[in-house]
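[1] Take this sequence and fold it.
(one chain, ligands or ions: 1)
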Amino acid sequence: MVQRKQTADQSTVRRHNTVIVLDVVRRFSPLSRAEIAARTGLNRSTVSSIVQSLLNRRFLIETDYQEDRIGRPGLSLTLNPQGGFAVGLEINVDSISAVLVDLTAHIVDRVEIEAQPNWSQADTLREASQLVDTMLHQGQHISEHSLGIGIGLPGIVDTNSGVLVFAPNLGWRDVNIQEYFKEKFHIPVYVENEANCGAYGEYRFGAARETNSFLFLSGGVGLGGGVMIDGALYRGSQGYAGEFGHMVIDRGGALCNCGRRGCWETAVGPRAVLDNVQKRIQSGAVSALSEMVNNNLAALKFSHACSMNTSYR
Ligand SMILES: [Zn+2]
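    Numbering: from 1, shown residues only. Below you'll find the model as predicted:
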């Protein structure tokens, strides 16, 4: 029993160290083994052994000899773009999109379709899984290793069980999204609130790379939010932490899709902004937006309003 316990602990430590090495290479490559040891604080022999197994699995590639930043000659290591691929999926109220990324998170392909208002939940899931299927096939051109599917959803998500607990604007409750896609594709599936995905993306690759703690707001059909504290997503005990859109700011305000009145989303969400713009134009305000949609105000989209915000009077 003692022997078994030790083995389990050792493999956990090894996994943990492997993640640390991969993360350092992802962020700072090209790096020599000596630089990886210096940046991770792991000893040289541990680094060499982990690097060797990552090279064997083709997650890393070794480039030519060059002097590292400390001045010592060594082979430098980078992530191998062809070491694997993953698919990202976003199910939203008015659209479904999927991306194919290589191991360096470079987007190789993307596809987006408009969601039809008459689609049932089953229709939406079927369309979404078709997009995933297409991307997984495309991925075979990158590598034989499909690493998983990451799914962003517009609502409260239990990331442990993979259940979409409640998505007011979709009108969905208690749907096990993780199970659905796992059964179809038999690879790891990760589900997360879409604004948390956005926050994480900005933290890793975008506007928030230089900071560890920030708030992220996303305006799709609803208004979502993500909270990053010290480099970790803050979800709160039930996953409600980033739901700024459903903070009640006016108890007598407009009815929200969540069932309450006066949520912030009903005042500043994209739908509210569009409603206000349409009302103002109908009551005589002059705006270049009318021309943009040939005076068909019903065709007005939030993106129009965003692009023209300075010309609206
Ligand atoms: Zn609400």
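[2] which residues of the protein fall in strands?
    The residue ranges that make up the strands of the chain, judged by DSSP state E, are 60-67, 73-79, 85-91, 95-102, 107-114, 146-153, 156-158, 163-167, 172-176, 189-193, 214-219, 223-229, 232-233.
[3] Quick one: closest of those strands to Gln282.
    Ranking the strands of the chain by distance to Gln282, with CB to CB as the measure, places strand 214-219 first at 22.6 Å. In short, each C-beta sits where N, CA and C put it, glycine included.
[4] Just the buried residues of the closest one, please?
    Phe216, Ser218, Gly219 (16 or more other CB atoms under 10 Å).
[5] That one - which strands sit beside it in the sheet, and in what orientation?
    If you go by DSSP bridges, strand 214-219 pairs up with strand 223-229 (antiparallel).
[6] re the thing from before, out of the strands of the chain, nearest to Ile36?
    Comparing those by their distance to Ile36 (CB to CB), the top pick is strand 73-79, with 7.1 Å.
[7] Glu202 contacts Ala208, doesn't it?
    Yes. Counting by CB atoms under 8 Å, Ala208 is a contact partner of Glu202 at 4.2 Å.
[8] Between these two, which contacts overlap?
    The contact sets of Glu202 and Ala208 overlap at Phe214, Phe216 (CB atoms under 8 Å, 6 or more residues apart in numbering).
[9] what residue lies at the spatial centre of the protein?
    Computing the C-alpha centroid of the chain and ranking residues by CA atoms, centre = their mean puts Cys197 first, at 2.9 Å.
[10] Please report how far that residue lies from Thr159.
    For Cys197, the distance to Thr159 (CB to CB, to the nearest Å) stands at 11 Å.
[11] cool, Tyr203 as well?
    16 Å.
[12] Now distance to the ion too, for the strands of the chain, in TSV please.
    Putting these into TSV (distance: least, CB to the ion, whole Å) gives the following:
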stretch	distance to the ion
strand 60-67	46
strand 73-79	41
strand 85-91	19
strand 95-102	21
strand 107-114	24
strand 146-153	16
strand 156-158	11
strand 163-167	10
strand 172-176	14
strand 189-193	15
strand 214-219	14
strand 223-229	9
strand 232-233	21
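[13] and the closest residue to Arg251 other than its chain neighbours, what does it touch?
    Excluding its sequence neighbours, the residue lying closest to Arg251 (CB to CB, 6 or more residues apart in numbering) is Gly262, at 5.3 Å. With contacts defined as CB under 8 Å, 6+ apart, Gly262 is in contact with Val248, Ile249, Asp250, Arg251, Gly252, Gly253, Ala254, Cys256.
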